[in-house]
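Pasting a predicted model and its sequence here:
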Amino acid sequence: MTPAEPGWDLHDAALADAGPLHDAEPARGDREEHRRHLRLVQEQARRRTNGRRLLVSGGLALLGVFCLGLVTLHVLIAENQFTLDRLQQTAAAKQASYEKLRLQIAELEAPARVVSEAEGSLGLVQPGSVTYLPAIPAGPSSNDPPSADGATSPGSASSRSASAGSVAAPQGDADWPSVKPYLSGSP
């Protein structure tokens, strides 16, 4: 076919210039056969593919939320640990302050300090001697009549006067065991 003949087009000219027919383009019969093997994707297969994509996307989103939750939990644990450390430091400082105050109280209550304070700033002096009176056990009153044999009862006035005596003041802590039995339990 020449360009002067009717029905000639540029496509046919390109095929003629390209050389043999099998190298450039398959024949028309081969094109139709090739088209027959092509088919449209069925609706059901498309749904399966979309379902898989949705499942994978949902799984990734769930994994992301889980990881975000782990990070949040880790941050909360770290914050609470800082708070716990701060509270423990505060408790240790308060305990040290408490022990320091207890030591100060013990020093202020020490008998040597009380005596020195009384003698120094208050002007008090220790007496030369102290007389301790022993406690007499309570018994029947002095108006009790004498017993049948004529003896007085242990709680009578005559027996009290016989047991009442004075004990000299101790000279330091060495005499304390000898004086202690004469003192009553209440101040």
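Nice, thanks for sending it over. Just so we're clear, the structure is a prediction, and the values are computed from it rather than from any experiment.

SS state for N50?
Using DSSP: H, G, I helix; E, B strand; the rest coil, the structure places N50 in helix.

Neighbours of it, how many?
Number of residues near N50 (other Cβ atoms under 10 Å) recorded here: 10. Using the backbone N, CA and C atoms, a C-beta is placed for each residue, glycine as well.

what's the answer for Q89, then?
By other Cβ under 10 Å, the residues close to Q89 number 10.

Show the model's pLDDT score for it.
Q89 is assigned 97 on the pLDDT scale.

residue contacts, it?
Going by Cβ atoms under 8 Å, 6 or more residues apart in numbering, Q89 touches no other residue.

what helix or strand is it on?
If you go by DSSP states H and E, Q89 is part of helix 43-109.

what's downstream of that helix, the next helix or strand?
helix 111-120.

okay, now A118: neighbour count?
13.

That should have said Y132, apologies.
By the criterion of other Cβ under 10 Å, Y132 has 14 neighbours.

Can you report phi and psi for it?
phi -100, psi 130 (degrees, to the nearest 10).

what is it paired to in the beta sheet?
Beta-bridge pairing for Y132 (DSSP bridges): V167.

any idea how far V125 is from it?
Distance, Y132 to V125, by Cβ to Cβ, to the nearest Å: 19 Å.

try Q95
For Q95 relative to V125 (Cβ to Cβ), the value is 42 Å.

what's the answer for R48, then?
Distance, R48 to V125, by Cβ to Cβ: 111 Å.

Then L70?
According to Cβ to Cβ, L70 stands 78 Å off from V125.

what's the answer for E79, then?
Per Cβ to Cβ, E79 is found 65 Å from V125.

Kindly report the same for G69.
Here G69 is placed at a distance of 80 Å from V125 (Cβ to Cβ).

now do R46
114 Å.

Would you mind listing where this structure has pLDDT under the threshold?
For the chain, applying pLDDT under 70 flags the ranges 1-29, 34-41, 138-176, 179, 184-187.

Could you report the neighbour count for V65?
For V65, using other Cβ under 10 Å, the count is 10.
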